[in-house]
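> Using only what follows, build the 3D model:
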Amino acid sequence: MAEFGIPAEQFADFAAWCEHEYESEADYLTGMFYSIEAARRFISRFLPDTNGLHIIGVGFPNELVEIGWRGPHYENQCDTIEKRVTQRLPIEVGGDVLGHEIVSCDYCDFGHSWICNHIHEEPFGFRPNSRGFISNYDDAKKVYDWLAEDDMKGTRGEPEPYYIWLLISYPLHVKAAD
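Residues are numbered from 1 along each chain as shown. Model (predicted):
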């Protein structure tokens, strides 16, 4: 807790939050908050130093929901991300689009980026944007399709399912209306 920036005098409050409130605000297995507002409440309550801190939202393309979640289902493991994806909740407004990222899922959490295995060096005909992400969905789909052709054999990436995620940066605090 201290390394994350939670002051020692708030450890008891944080422990109580973990025991009672996280279930309605966040999923502890994926480190995912259920809304931008829930993340903001957590930040304002527990993190006095927000220097360098960002709230990053992720979106999943409806097209891939139609194709289906092709990841393995592990016995006695959660499927929190899958449940959130299949709810088809709209992306929350008020953020800045960073770009698309191709990331695997493993044991109910985000796994490896397409950059982990140097997939970004393949000749796809584009380069990551200035933030290191793929600027448009069509280019991200090229990478996704190329990885999917491997059928999780591990010759093109990790032997895990990869997905396209849209990343959005949200402000830590909402500015008051004038």
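
> helix or strand right after the lengthiest strand in the chain?
Secondary structure of the chain per DSSP state E: the longest strand is strand 96-106. Per DSSP states H and E, the first helix or strand lying C-terminal to strand 96-106 is strand 109-113.

> Give me the sheet partners of that following strand and which way each runs.
Paired with strand 109-113 in the same sheet, following DSSP bridges, are strand 96-106 (antiparallel).

> that older thread, buried sites along the longest strand of the chain?
If you call a residue buried by 16 or more other Cβ atoms under 10 Å, then strand 96-106 has these buried ones: Leu98, Gly99, His100, Glu101, Ile102, Val103, Ser104, Cys105, Asp106. For the C-beta atoms, the positions are set from N, CA and C on the backbone; glycine is no exception.

> what residue is smack in the middle of this protein?
In the chain, the residue lying closest to the centroid (Cα atoms, centre = their mean) is Val58, at 4.9 Å.

> Tell me which helix or strand in the protein has the weakest average pLDDT.
When the helices and strands of the chain are compared on mean pLDDT, DSSP states H and E, strand 26-27 comes out lowest with a mean of 66.

> how near is Glu9 to Asp96?
In this structure, Glu9 lies at 34 Å from Asp96, with Cβ to Cβ, to the nearest Å as the measure.
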